[in-house]
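Undergrad: model the structure of this input:
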Amino acid sequence: MRYGLISDIHGNLEALQAVYQEIDKLGVDEVLCLGDIIGYGPDPEKCVELVRERASMILAGNHD
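TA: Reported below is the predicted structural model:
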């Protein structure tokens, strides 16, 4: 089983989409989010939606 860890997205949808493209290329089986999906960036809602769709576990960060 291959795990992908993501964190500190901070509302940056373009970067999150790029990371998910790499995760897909690498054949990752399960994605875990270590928090800080929101904060700073312009697209926090879209980032939350995408992470909820793709991550099997989401921890709350200090911005969440």
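
Undergrad: what are the buried residues along the longest helix along the chain?
TA: The longest helix of the chain (DSSP state H) is helix 13-26. Buried residues in helix 13-26, counted by 16 or more other C-beta atoms under 10 Å: 13, 16, 20, 23. Any C-beta I mention is one placed from the backbone N, CA and C, and that applies to glycine too.

Undergrad: what is it packed up against?
TA: Applying 3 or more C-beta pairs under 8 Å, 6 or more residues apart in numbering; DSSP states H and E, we find helix 13-26 packed against strand 3-6, helix 44-54.

Undergrad: how close does residue 28 sit to residue 20?
TA: 9 Å (C-beta to C-beta, to the nearest Å).

Undergrad: give the contact list for residue 49.
TA: Shown in contact with residue 49 (C-beta atoms under 8 Å, 6 or more residues apart in numbering): no residues.

Undergrad: meant to ask about residue 30
TA: Counting by C-beta under 8 Å, 6+ apart, residue 30 makes contact with 1, 2, 3, 4, 56.
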